[in-house]
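1. Sequence first, then the predicted structure:
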Amino acid sequence: MSRSQIIAACLLIVATYLVVVAASRPGPLLVEDCFGRAIGARGLTLVDWDGYIANPAIRFDVVAPAAASYPARLVIRGDHPRLAFDLPSTAGAGGPTKEIRLARAGRTSIRVAIFPDRDGRDEDHALTIDLEDAGGRRRSARVPLHLVDQDREEEADVRPRRLPIVVDFSQDRTGFFEDEARRRVARRAAADWSYFLDGEGAGTVAAGDESTLIWNPDGFRSTRTVKNESPFTGYLLYAYGIDGPDLRSGGEPSPTSGFQTRGADVLPLRRSGGYEVEIKGNYNREGWRADLSDDEWWKATNLRDDRADLDSIAHHEIGHALIFNRLNPRFGDAKQSQSATLRDDRLRAYLGKDPTIDGSDHLPGTVDPASLRGAFGNEYHGKMPRGRWLITKADLIAARAVGYDLRATSAFIPLTLETAELPEGRLGGRYTTILRASGGVPAYQFQVVEGSLPAGLSLDDFSGEIRGVPTRPGHSEFTVRVRDSEESAQAEEVLQHYRLTIAAP
Ligand SMILES: [Zn+2]
């Protein structure tokens, strides 16, 4: 072998080595938001709507590259126990995990949501995403999660006041509610519903004027009737234990109840009822737990062999007492125990259909489009992992359909582009201004869809910031489109026309 042949052979070996190294060191994994924007650096925005409500599930896409070999294994992990992915996935103390087998390259959509908490603090979390291909090569990505917490300080609240719900334990003959922790859960669940219900102008009922049917401790066998000892405003809810053979709890308006009033108007809503807890347990004799924190929401499966989460059942049964019952005349179009339909334009627009009501006044088959959780009575069957039951946006739109007015909470604030006018710029001077969007489901996407910005300026599609150094004087006209991350049938976009002047120096 000549000297030049030896050199050529060496170069070939080196070149082959470099090619092999390059192939075995795969590039980064591309992760995009619902607008198709790469989010490895900017991250994904989650929202905790104000009030204790099921938060929206936000879509992101993992793009599995053609250069990988398949089948590949995709594993996504979150780093906080309140995070959850759409099913199939697991939730737990260490955060959620979702594992997907990919047969080929391409895009996989995943949804992530945060379970609500009761403070107003924003949070930062992260996702780690690993793709291991058939050749054992790994690609990974880390995506920051920014949580926008929209819970508000009550003192700063300028909205109409919430519907007062008086929780009365005086009819408990079982001793169940002698435990202060259980009383606290009942009061808090009632307050969670009332947070969303407008109580402005709610009528007051004089002592002795309201008659309410109470189930005796034998559990849905015999009743007695009580009169309110004190005046009350809004809704009077008797919370008490029962010790019956059916091992089930209950909640309902009273058939002897009067109707709620607002000013001079009589509303199609009963004004008193009961919330009964089966003291032995939820379809079992395992008892109750009143101690689960929001971080432990995933422990509350409420399955037949579990000690049930009192918070879940309190929300559900109080929902029956307030909203989901045929004694509220607008709820359903058939007699009790038959299936019926809840007809309402806004509910239909949100769900894409009229929800069916079953004989138990539940909404079987209805999944809340924003949170992907099961709506009222369908709590075991959503598209997110089982856990503590929550009020959903669908439930609240149903409450409005039945006759309640809703307070303006963040789940119901439409997407708005607040910036109406832009400050003037100066030729050669640094320009910066921010288009402010609010409402809807953040994050937002800002785009110029017609006309163009002044030369030298650009629009950040994540933040809405317009910045740069103008290079030509004159007037520019353009239209900005803002979209939010809501993906239901009600996905919105807002268009705003702007005129921006660049003055000569
Ligand atoms: Zn029920």
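-> That came through fine.
2. Tell me the pLDDT of the most centrally placed residue in the chain.
-> The centroid of the chain falls nearest to Asn55 when counting by C-alpha atoms, centre = their mean (1.4 Å). pLDDT for Asn55: 98.
3. which residues does it contact?
-> Asn55 sits next to 46-49, 113-116, 370-371 when contact means C-beta atoms under 8 Å, 6 or more residues apart in numbering. (Glycine included, C-beta is placed from N, CA and C.)
4. Quick check: the gap between the residue lying closest to Leu247 once chain neighbours are set aside and Ser249.
-> Nearest residue to Leu247, sequence neighbours excluded (C-beta to C-beta, 6 or more residues apart in numbering): Tyr283, at 5.2 Å. As judged by C-beta to C-beta, to the nearest Å, Tyr283 and Ser249 stand 9 Å apart.
5. Looking at the two, which one has more neighbours?
-> For Tyr283 versus Ser249, the count of surrounding residues by other C-beta atoms under 10 Å is larger for Ser249: 25 against 17.
6. coming back round to it: report the two of the contacts of Asn55 separated the most.
-> Within the contacts of Asn55, Phe115 and Ala370 form the most distant pair, 14.1 Å apart (C-beta to C-beta).
7. what's the burial count for Arg101?
-> Neighbours of Arg101 under the rule other C-beta under 10 Å: 9.
8. So what pairs up with it in the strands?
-> Applying DSSP bridges to Arg101 gives these bridge partners: Arg73.
9. Can you give me the pLDDT of it?
-> With respect to pLDDT, Arg101 has a value of 98.
10. wait, what's in contact with it?
-> Neighbour list for Arg101: 71-74 [criterion: C-beta under 8 Å, 6+ apart].
11. mind listing the helices in the protein by residue range?
-> For the chain, the helices defined by DSSP state H cover 3-24, 180-194, 310-322, 345-351, 393-402.
12. Could you tell me the least trusted of the ones you listed?
-> helix 3-24 - the lowest mean pLDDT of those, at a mean of 56.
13. distance of the residue lying closest to Asn328 once chain neighbours are set aside from Gly106?
-> Closest residue to Asn328 apart from its sequence neighbours, by C-beta to C-beta, 6+ apart: Val402 at 5.0 Å. Here Val402 is placed at a distance of 44 Å from Gly106 (C-beta to C-beta).
14. now swap in Arg262 and tell me
-> Taking C-beta to C-beta, one finds Arg262 at 54 Å from Gly106.
15. which one of those two has more residues nearby?
-> Set Arg262 next to Gly106 and count neighbours by other C-beta under 10 Å: Arg262 wins out with 17 against 13.
16. where does the residue nearest to the more buried one when sequence neighbours are not counted land on pLDDT?
-> Computed as C-beta to C-beta, 6+ apart, the closest residue to Arg262 that is not its neighbour in sequence is Gly201, at 4.4 Å. The pLDDT attached to Gly201 in the predicted structure is 96.
17. looking at it, Gly201 is touching Gly263, isn't it?
-> Yes. Applying C-beta atoms under 8 Å, one finds Gly201 in contact with Gly263, separated by 4.5 Å.
18. And for Leu406, the neighbour number?
-> Leu406 has 15 neighbouring residues, counting by other C-beta under 10 Å.
19. partner residues bridging it?
-> Under the criterion used here (DSSP bridges), Leu406 is bridged to Leu197.
20. Could I get the pLDDT score of it?
-> For Leu406, the predicted pLDDT is 97.
21. Could I get the CA-only coordinates of stretch 262-276 as PDB?
-> The C-alpha coordinates for stretch 262-276 follow below in PDB (Å, rounded to 0.1, in the frame of the first residue of the first chain):
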ATOM      1  CA  ARG A 262     -83.900  38.300  43.000                       C
ATOM      2  CA  GLY A 263     -85.400  41.700  43.700                       C
ATOM      3  CA  ALA A 264     -89.100  41.400  42.700                       C
ATOM      4  CA  ASP A 265     -88.400  38.400  40.400                       C
ATOM      5  CA  VAL A 266     -89.200  34.800  41.400                       C
ATOM      6  CA  LEU A 267     -86.400  32.500  39.900                       C
ATOM      7  CA  PRO A 268     -87.000  28.900  38.700                       C
ATOM      8  CA  LEU A 269     -84.700  27.700  41.500                       C
ATOM      9  CA  ARG A 270     -85.600  26.100  44.800                       C
ATOM     10  CA  ARG A 271     -84.200  27.900  47.900                       C
ATOM     11  CA  SER A 272     -83.600  25.000  50.400                       C
ATOM     12  CA  GLY A 273     -82.500  21.400  50.400                       C
ATOM     13  CA  GLY A 274     -80.300  18.800  51.900                       C
ATOM     14  CA  TYR A 275     -76.900  17.200  51.600                       C
ATOM     15  CA  GLU A 276     -76.900  13.800  53.200                       C
END
